[in-house]
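Student: Could you work out the structure for the sequence below:
(chains A and B, ligands or ions: 2)
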Amino acid sequence: MGLTGLEIFKLLPKTNCKECNQPTCLAFAMAMASGKAGLDQCPYVSEQAKETLGAASAPPVALVKIGAGEKEVALGNETVLFRHDKRFEHPTGIAISVSDTMDGDELVARVEKINNLVFDRVGQIHHVNLVAVCNNSNDPEKYAAAVKIVAEKTAYPLVLITEDPGAMERALEITGAKNPLLCGANAANHEAMTDLAKRYGAPLVVKGERLNGLAELVEKVVALGHNKLLLDSGAREVQQVLTDQTQIRRHALKRFRPFGYPTITFAQNENPVQAVVEAGVYIAKYAGIVVIDTVDPADILLLITLRLNIYTDPQKPIAMDSKIYEIGKPGPDAPVYITTNFSLTYFCLAGDVEASRIPGYILPVDTDGTSVLTGWAAGKLTPDSIAKMLSKSGIDQRVSHRKVIIPGGVAVLKSKVQELSGWEVLVGPQESSGIQTFLKQHWLA
Amino acid sequence: MQISDFFEKYKGTVQELTIGKEGKSVIIGGDSVLPFHSFEGTMTRLPVIAMEVWDAPPPENWAEHLRSHFGDVVGSPVLWAKKCVETYGAEMICLYLASLAEDGEVDVAAVAARVKEVADAITVPMIVYGVGDKDADTAALKEIARVCAGEGLLLGPLVKENLNEIAEAAMEYGHSVIAQSPLDINLAKELNIKLTKFFPKDKIVMDPMTSALGYGMDYSFSVFERLKHVAVLFGDDMMKMPIIANPGRESWRAKEAKLNEQHGILWEAMTTMTLLLAGANVAIMASPDSMKLVKKMMGQFTVS
Ligand code: B12
Ligand code: SF4
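Tutor: Ligands and ions are numbered 1, 2, ... in the order given. Model (predicted):
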């Protein structure tokens, strides 16, 4: 990827004037190669060098934005084939399809369901991202009517799915100002579609016949002057989609320009549950957008959780601040729980404490964002760190008792914590879901 | 610029391993490409799914959905295993030694006799999986190895503290073993190096540890992917063992799965499918409905 330090050096003035705050041009080139310096810091680079270097430092997968405002979706900027090599940047956009063959009330009801597909997971709000309006009727007027209803009822950006430029034009008259995704251009209609996309400055899906056809068509569209693109190889069978997704990402990383855009995929299995698994496969393997036909919260929670797993930064577990958290409105006699500051661990516990309907205090010990057992195995959840949490957090000012509940997984720490902190230690259940029963037997009794 | 086929140059093939004995055996491994990349090399066969059976009744908080399938047979590992094979078409059974975690003295001879009974009753090969207590597992697996001599079981988990004893028994009585390490490719390799000093390389399966969707699956996913890379792209001999995933039990521990049947079925199916995409050669599943989803998905892939 990118250019090496020496390749960059060849393009610099080699005067060593130091204005870039580097001792030499070579040092500057090295800094640039490792991403620590930017070309704009050297005032003397030639136009030609700028062009060469600019193209090489552009992200291998272009950043494409769909929609506007708060619900805008950003895709692309990906730099790796595997998350362990660095991380994936922009999570797959989940698009829920609606059909213009539905009548008005049906459409409104479905869009409302889509709007409600919002979930709270590990303390963050997650939701679907786009509504895909399909021109199944093949009637431009029906399509325009449906687009109008959907655009009014949702804040999510739209994917306009029609290969008829006439229907697309009618839809854009309604919602073209909101930067929808046009889906899209094919070999037969690409001139008209590109024209529309340019007119509205909107992103456009280019659908080619297999990879070769796709590359050719992208070049044609780019030559017509549009470069806000998404790619569709036309494949719909899982194995072919997976192959094409992989090859598109590989080519992009090797700087094959026509494939330097995010992709769109369609989970179309006629069995709706099977389609969810199919969508999952695409999320795991490079899809920029996956379009799916379901408004069942169970399906979407699954896909959102998968997306969260694939797109978290492997170098940084999501961690919480180590401080006192109140669940409900706890008083001086409320239970005190020790856990770790891995957000997943904290939110498992917090959810179950809340479900017990007994307000409580949660004290996550700073374990660098690792789970209870991992934290313990790594020597970060120790009698010492627990005792410190109890004394330094100020919890002793908030409760009148001196009883603390520790996770069942680290029962062995009990006597040592007792000794160091002076608090009475109750060993809780292994899994936080057992808290309600535990409280009944050991706290309320 | 022209589109070219950027095919990977592969340097290694995942070890093939046969589980079972003549007349009832399954082969796993054998691929020399990244998972499901039959477009650029040899993917000898699809991964295999084993269904999990417990040798003691599961606890009360066991998922309702699983109880709805197996409630009538949880008292008998033999009937449970037969139901998996005969009703649900399991290609392999994984007998989970839940009895080792029960309170009180463990009667190792009785545990082993039960395993033998299951093995004799079914027409498919078997994995035997301990509870993760290294002493209890060692005692039980050694006895099982002896009692089931010649069955060609896949026995595990072996961890660094008990690997010698179990592996020696496995070798003596003709079984394969599962080497388990906690989500770390270096630890996985270290274990393989220790093991291969005296144990045949082609009778080892790696268990890099499975965590469920939403509960750490990201770690398993990346560790599986990295292990597979090292095997097929770098051709590291110490990492060419097939990989086993354990998504069934892990998935049904997730709160979402326990609360809602549809969540659970999808949770297990998706955890499994994702880990197969990451490189698992064999996966242990719990729900027949989840298994059906995964098999249908795999049915859409061809081998090469
Ligand atoms: C993912 C994972 C990792 C990830 C870290 C993920 C993270 N951010 O923590 C990575 C790969 C980095 C990792 C590394 C290691 N890991 Co690790 N890891 C796991 C794994 C698979 C899942 C952990 C997880 O995310 N659990 C989910 C969270 C939500 O669980 P939890 O925190 O325990 O919370 C639950 C309960 O404890 C309880 N609970 C939580 N708080 C409270 C509070 C109260 C009051 C109560 C009552 C209950 C309660 O409710 C929660 C929900 O049920 C486990 C195995 C497993 N399946 O548990 C091994 C495991 C924890 N790891 C283990 C080990 C040994 C390690 C390493 C030391 C290995 C090594 N040498 O490299 C390293 C140490 C890391 C370090 N040096 O920093 C061992 C620990 C063994 C032991 N008992 O000592 C385990 C158990 C695997 C095993 N069987 O060998 N690990
Ligand atoms: S400012 Fe430009 S010319 Fe001057 S030393 Fe830095 S890189 Fe060289």
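Student: hmm, which helix or strand of chain A has the shakiest average pLDDT?
Tutor: When each helix and strand of chain A is scored by mean pLDDT, DSSP states H and E, helix A:47-57 comes last, with a mean of 76.
Student: Can that one be said to contact ligand 2?
Tutor: No. Judged by C-beta under 6 Å from any ligand atom, helix A:47-57 makes no contact with ligand 2; its nearest approach is 10.2 Å. Every C-beta, even on glycine, is put in place using the N, C-alpha and C of the backbone.
Student: then that helix to CSV, C-alphas only?
Tutor: The C-alpha trace of helix A:47-57 is given here as CSV (Å, rounded to 0.1, in the frame of the first residue of the first chain):
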residue,chain,number,x,y,z
GLU,A,47,2.4,20.1,-8.9
GLN,A,48,3.4,16.9,-10.6
ALA,A,49,4.7,15.4,-7.3
LYS,A,50,1.5,16.5,-5.6
GLU,A,51,-0.6,14.6,-8.2
THR,A,52,1.5,11.4,-7.9
LEU,A,53,1.6,11.6,-4.1
GLY,A,54,-2.0,12.6,-3.8
ALA,A,55,-3.2,9.6,-5.7
ALA,A,56,-1.0,7.3,-3.8
SER,A,57,-2.1,8.6,-0.4
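Student: State the mean pLDDT of the helix or strand just after it.
Tutor: Next in sequence after helix A:47-57, counting helices and strands by DSSP states H and E, comes strand A:64-66. Averaging pLDDT along strand A:64-66 gives 97.
Student: ok, and for the helix or strand immediately after strand A:64-66 in the chain, which residues are buried?
Tutor: Downstream of strand A:64-66, the first helix or strand assigned by DSSP H and E is strand A:73-75. Buried residues in strand A:73-75, defined by neighbour count with 16 or more other C-beta atoms under 10 Å in any protein chain shown: A:73, A:75.
Student: partners of strand A:73-75 in the sheet?
Tutor: The pairing partners recorded for strand A:73-75 under DSSP bridges are strand A:64-66 (antiparallel).
Student: Contact partners for residue A:98?
Tutor: Contact partners of residue A:98, counting by C-beta atoms under 8 Å, 6 or more residues apart in numbering or on different chains, are A:107, A:110, A:111, A:114, A:131, A:132, A:133, A:134, A:146, A:150.
Student: Helix, strand or coil: sort out residue 248 for me.
Tutor: Using chain A here. helix (DSSP: H, G, I helix; E, B strand; the rest coil).
Student: which residues sit against the least confident helix or strand of chain A?
Tutor: Residues outside helix A:47-57 that contact it (C-beta under 8 Å, 6+ apart): A:2, A:3, A:8, A:11, A:12, A:32, A:39, A:45, A:255.
Student: so the fifth one, which of the three states?
Tutor: In terms of secondary structure, residue A:12 is coil; the call rests on three-state DSSP.
Student: how about the nearest residue to it, chain neighbours excluded?
Tutor: Closest residue in space to residue A:12, ignoring its immediate chain neighbours: residue A:25 at 4.4 Å, by C-beta to C-beta, 6 or more residues apart in numbering or on different chains.
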